[in-house]
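1. Sequence first, predicted coordinates after that:
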Amino acid sequence: MSAALHDWLQRVWYANHPAGVLLLPVSWLFGAVVFSRRWLYRIRLLRPVDVGCPVVVVGNVSVGGTGKTPLTLWLALQLRAAGLRPGIVMRGYGGSARGPRLVAADAMIDEVGDEALLLARRSGCPLAIGADRVAAARLLVERKVDVILADDGLQHLKLWRVAEIVVIDGERRFGNRRLLPAGPLREPLRRLAEVDALVVNGHAVAGPEIPMSLLATDAVTLVGGSRRALAHFVPGPVHAVAGIGNPVRFFRTLEAHGIRLIPHAFPDHHRLSREDLEFGDSLPVLMTEKDAVKCESFAQPRHWFVPVDAVLDRDDGRELLDLVMRRARMV
């Protein structure tokens with residue numbers, strides 16, 4: 001997707017750009033396809049496949065970054081800390097690999113995609129990618145995992161699951177509440193009544209929603225891996241680079257530390273190049289960890305990434321982990 005089209009859709013979805021009504025007929029068609037597909041599964045003409053291992057889905061009903069990957073990482077680390085062996089399955093968006101494959105920490109990003117490589121490195125868990133999630137999940141079963149976390153698998157109904165967790169962007173919520181392409185929704189909002197837990201990334205929560213925040217305290221240089229507190233970059237200015245679903249969230253995170261920014265937003269999964277990071281000066285460049293894995297081959301000492309970690313209240317975190325373990329029959 002071009003940057004111009006991405007920016008235009010963001011205005012349609014979240015700023016009620018009037019041109020969005022022109023897309024409504026396509027949204028109605030998209031909605032009919034979504035309804036028909038779910039109906040076929042509901043009446044059992046299509047059947048989900050049990051791969052022989054409990055699957056827990058972490059997904060969303062809207063496109064763009066909501067925080068599901070940090071939550072998937074949090075769950076994986078919590079399950080490992082409990083003595084279990086979790087695996088992660090995902091599509092591997094942005095990678096060229098065809099068919100299901102396991103992803104190692106030293107995999108080529110061009111083959112497996114940015115999010116898969118990031119999760120493989122941060123989690124230390126077996127991770128498999130593939131458009132066919134069932135086939136990819138079976139690779140994890142062969143690795144003797146205890147539970148499979150499906151990152152962004154809510155709409156992949158072919159893979160049978162024991163629990164569904166939806167992550168919501170607390171700031172943008174659901175935009176204009178329309179289905180794609182007139183709005184950001186992949187499914188109607190009534191789908192939320194069917195899931196097992198709603199986790200809200202940032203801002204106030206409503207009803208049974210579980211609050212989550214993303215914590216960033218340090219920056220790590222892409223060359224050498226040295227770490228410094230974000231306070232080191234105050235007052236700035238620094239260049240801030242984000243090619244994620246909601247770049248503004250990253251920029252606000254840095255600004256909250258008192259850093260003055262020159263922001264550079266790119267579409268989600270944008271393949272950053274050397275030229276994208278040339279700004280005609282020697283100022284530090286801070287980027288997301290997902291962007292950093294795309295820049296390692298041409299990184300300079302002034303290039304830093306800012307890792308973020310999902311943070312949940314102690315009681316909320318225990319409740320969510322207990323839900324996962326109960327549904328997977330581990331307690």
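-> Thanks, I have the structure now.

2. need the helix or strand of this protein with the lowest average pLDDT.
-> Ranking every helix and strand in the chain by mean pLDDT, DSSP states H and E puts helix 3-14 at the bottom, with a mean of 80.

3. quick one: it to chain centroid distance?
-> 19 Å (C-alpha atoms, centre = their mean, to the nearest Å).

4. Likewise for stretch 206-218?
-> 14 Å.

5. residues of that stretch that come out buried?
-> For stretch 206-218, burial by neighbour count (16 or more other C-beta atoms under 10 Å) applies to Glu209, Ile210, Pro211, Met212, Ser213, Leu214, Ala216. From N, CA and C alone the C-beta is placed, and that goes for glycine too.

6. for stretch 133-148, same thing?
-> Arg133, Val134, Ala135, Ala136, Ala137, Arg138, Leu139, Leu140, Val145, Asp146, Val147, Ile148.

7. do the same with stretch 248-257
-> Quick answer for stretch 248-257 (16+ other C-beta under 10 Å): Arg249, Phe250, Phe251, Thr253, Leu254, His257.

8. any idea which element the third one lies in?
-> Secondary structure assignment for Phe251, by DSSP states H and E: helix 247-255.

9. Just the C-alpha atoms of that helix, please, in CSV.
-> Taking Å, rounded to 0.1, in the frame of the first residue of the first chain, the C-alpha atoms of helix 247-255 are listed here in CSV:
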residue,chain,number,x,y,z
PRO,A,247,2.8,5.5,14.5
VAL,A,248,1.4,8.3,16.7
ARG,A,249,1.4,6.0,19.7
PHE,A,250,5.2,5.5,19.4
PHE,A,251,5.7,9.2,18.9
ARG,A,252,3.7,10.0,22.0
THR,A,253,5.5,7.4,24.0
LEU,A,254,8.8,9.2,23.3
GLU,A,255,7.3,12.7,23.9
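
10. Contacts for that helix, please.
-> 65, 169, 171, 202, 214, 216, 230, 233, 238, 240, 242, 244, 261, 263, 265-266, 286, 288, 306, 308 (C-beta atoms under 8 Å, 6 or more residues apart in numbering).
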